[in-house]
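[1] Provide a 3D model corresponding to the input given below.
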Amino acid sequence: MRYPIVVALACGLASQAMAAETYQLEKTHVDLLFSINHAGFTEKHGAFRELDATLQFDEQKPESSHVAVTVKTDSIDTGFPARDADLKSAKFLDVAQYPEMRFVSTKVTRNADQTLRIDGELTLHGVTKPVTLQARLNKAAPNPFDKRPTVGFSATGSLKRSDFGVATYLPIIGDVVSITIDAEFNRPL
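    Model prediction:
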């Protein structure tokens, strides 16, 4: 995938390079999804519904970008309220003691295929460990509805829940949690 020309060029506003700009998460256009193996029979899918993020993004030099994400752990949603209550309990996420998880990028690398590798630190269940995401810039352009500069990304990654002290029902319920993220970020006009 090729990175588009600088947002300002795409708008026809300027031809000079822009430094990293601050973007805020567009909360109505974000999905933080996960899946985990259930006893070898299926992959169970779910989502976290409440999160916020700030992105420092330089389209010409994405490796100088930075992202920080905060997720409300009690916003977990698997489509089954009894299971969600169990996942919120001390057996799993213990949302009373750990109401948030946080990801902060430490390094962004442009891959040969123009995707991005985002290395960062995830704090979950009171434990901080490195997590790597593979991301793709989908589009950087003015939003067609309100003309704000907007960027959209898709990212994937995985983690071992036992690394974060969440080991209930291992190995019946899988250890590896797969993550999929789709997010839009806007910059004020």
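
[2] Grab the longest strand from the chain for me.
    strand 21-38 (DSSP state E).

[3] Determine how far that one lies from the middle of the whole chain.
    Distance of strand 21-38 from the chain centroid (Cα atoms, centre = their mean, to the nearest Å) equals 5 Å.

[4] Give me the below-cutoff pLDDT ranges for the protein.
    By pLDDT under 70, the low-scoring segments of the chain are 1-18.

[5] Just give me the longest helix of it.
    helix 81-88 (DSSP state H).

[6] Check the offset of that one from the chain's centre.
    On Cα atoms, centre = their mean, the centre of helix 81-88 falls 22 Å from the chain's centre.

[7] Also stretch 127-143?
    6 Å.

[8] Check what contacts that stretch and list those residues.
    If you take Cβ atoms under 8 Å, 6 or more residues apart in numbering as the criterion, stretch 127-143 is touched by 1, 3-4, 7, 10-11, 59, 62, 103, 106, 111, 115-122, 148-157, 159, 163-165, 179, 181, 186. C-beta coordinates here come from the backbone N, C-alpha and C atoms, glycine included.

[9] Please repeat the previous calculation with a cut-off of 6 Å.
    Outside stretch 127-143, the residues that touch it by Cβ atoms under 6 Å, 6 or more residues apart in numbering are 4, 7, 10-11, 59, 115-116, 118-122, 150-157, 159, 163-165.

[10] Stretch 89-100 now?
    With contact meaning Cβ under 6 Å, 6+ apart, stretch 89-100 is reached by 70, 73-74, 87-88, 125-126, 166, 168.

[11] buried set for the next helix or strand after the longest strand of the chain?
    Using DSSP states H and E, the helix or strand that follows strand 21-38 in sequence is strand 42-48. Within strand 42-48, the residues that count as buried by 16 or more other Cβ atoms under 10 Å are 44, 46, 48.

[12] swap in stretch 124-140?
    For stretch 124-140, by 16+ other Cβ under 10 Å, it's 124-125, 131, 133, 135, 137, 140.

[13] For that stretch, list the C-alpha coordinates in CSV.
    Extracted in CSV, the C-alpha atoms of stretch 124-140 (Å, rounded to 0.1, in the frame of the first residue of the first chain):
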residue,chain,number,x,y,z
LEU,A,124,-3.9,-4.6,31.8
HIS,A,125,-4.9,-6.1,35.2
GLY,A,126,-2.1,-4.2,36.9
VAL,A,127,0.6,-5.6,34.7
THR,A,128,2.5,-3.8,32.0
LYS,A,129,4.0,-5.8,29.1
PRO,A,130,5.1,-5.1,25.5
VAL,A,131,2.5,-5.6,22.7
THR,A,132,3.0,-5.2,19.0
LEU,A,133,0.3,-4.2,16.5
GLN,A,134,0.5,-4.3,12.7
ALA,A,135,-1.3,-1.3,11.3
ARG,A,136,-2.4,-0.1,7.9
LEU,A,137,-3.2,3.5,7.1
ASN,A,138,-6.5,3.3,5.2
LYS,A,139,-7.0,6.9,4.3
ALA,A,140,-5.8,10.4,5.2
